[in-house]
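*Asks:* I'd like to go over a predicted model; first the sequence, then the structure.
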Amino acid sequence: DGGITQSPKYLFRKEGQNVTLSCEQNLNHDAMYWYRQDPGQGLRLIYYSQIVNDFQKGDIAEGYSVSREKKESFPLTVTSAQKNPTAFYLCASSNRLAGTVEQFFGPGTRLTVL
Amino acid sequence: DAKTTQPPSMDCAEGRAANLPCNHSTISGNEYVYWYRQIHSQGPQYIIHGLKNNETNEMASLIITEDRKSSTLILPHATLRDTAVYYCIVRVGGAQKLVFGQGTRLTINP
């Protein structure tokens, strides 16, 4: 089955540690995205990538970093510089070449920093 | 992207049609209306989108007013599994970013 996988589903880290969240897709999509969701709130865009080896900052990129070395993978690192990292993180992908595109979302990773 | 306004919550009886309104009075001529939903603790799911004409698919119908300043998502026969937060989003076709507001929390009651 084609889709997006995120691992792990739940992640706990101590304050001050960097942590990397995994996102893999086998939909052959060019574009991938990372969103953050806080309780009772909508999603906010962290980073997005339209093609391999290229990515752009979203609305709340501070304290985060990404890489896009392979089309299928778009890992997100939450660094110690992110002041409030506890949140629900969602990865998505879309076919950049389509005119009106829907984004397909993964199941999310819930990060808790202790 | 144009701002959207949705009621924070709605209730609907199982088996009845659920009609979710969305106001987007500042929408531009090249902006599409998208609907997504998010079931608790899961990733959002695409439902439907449209530009000017009404649209229907296996999940829902989208009714857009003639002036395009508002729209309504219709779930024709709501089931308990339709309980979710529904997001109305407007954006330019081909644009990559989705801007999510707080959506409408729809509760389907047995």
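*Replies:* Everything's here; your move.

*Asks:* Verify the stated contact: A:Y48 with A:Y33.
*Replies:* Yes. A:Y48 lies in contact with A:Y33 (Cβ atoms under 8 Å); the separation is 4.4 Å. (Glycine included, C-beta is placed from N, CA and C.)

*Asks:* what's the closest non-adjacent residue to A:L114?
*Replies:* With Cβ to Cβ, 6 or more residues apart in numbering or on different chains as the criterion, A:L114 has its nearest non-adjacent residue at 5.7 Å, and that residue is A:K14.

*Asks:* if I look at B:K3, how far off is B:Q102?
*Replies:* 12 Å (Cβ to Cβ, to the nearest Å).

*Asks:* do the same with B:C22
*Replies:* In terms of Cβ to Cβ, B:C22 sits 12 Å off from B:Q102.

*Asks:* More neighbours: these two, which one.
*Replies:* Neighbour count, other Cβ atoms under 10 Å in any protein chain shown: between B:C22 and B:Q102, B:C22 has more, with 24 against 13.

*Asks:* which residues touch the more buried one?
*Replies:* B:T4, B:T5, B:Q6, B:V33, B:W35, B:S70, B:S71, B:T72, B:L73, B:C88 (Cβ atoms under 8 Å, 6 or more residues apart in numbering or on different chains).

*Asks:* and if you look at A:T86?
*Replies:* Contacts of A:T86 (Cβ under 8 Å, 6+ apart): A:L111, A:T112, A:V113.

*Asks:* I'd like these as CSV, with pLDDT appended.
*Replies:* Output for these, formatted as CSV (pLDDT from 0 to 100):
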residue, pLDDT
A:L111, 95
A:T112, 94
A:V113, 90
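
*Asks:* Kindly write the PyMOL command that selects the buried subset of these.
*Replies:* PyMOL command restricting these to the buried ones, with burial defined by 16 or more other Cβ atoms under 10 Å in any protein chain shown:
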select buried, chain A and resi 111+113
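
*Asks:* No further questions, thank you.
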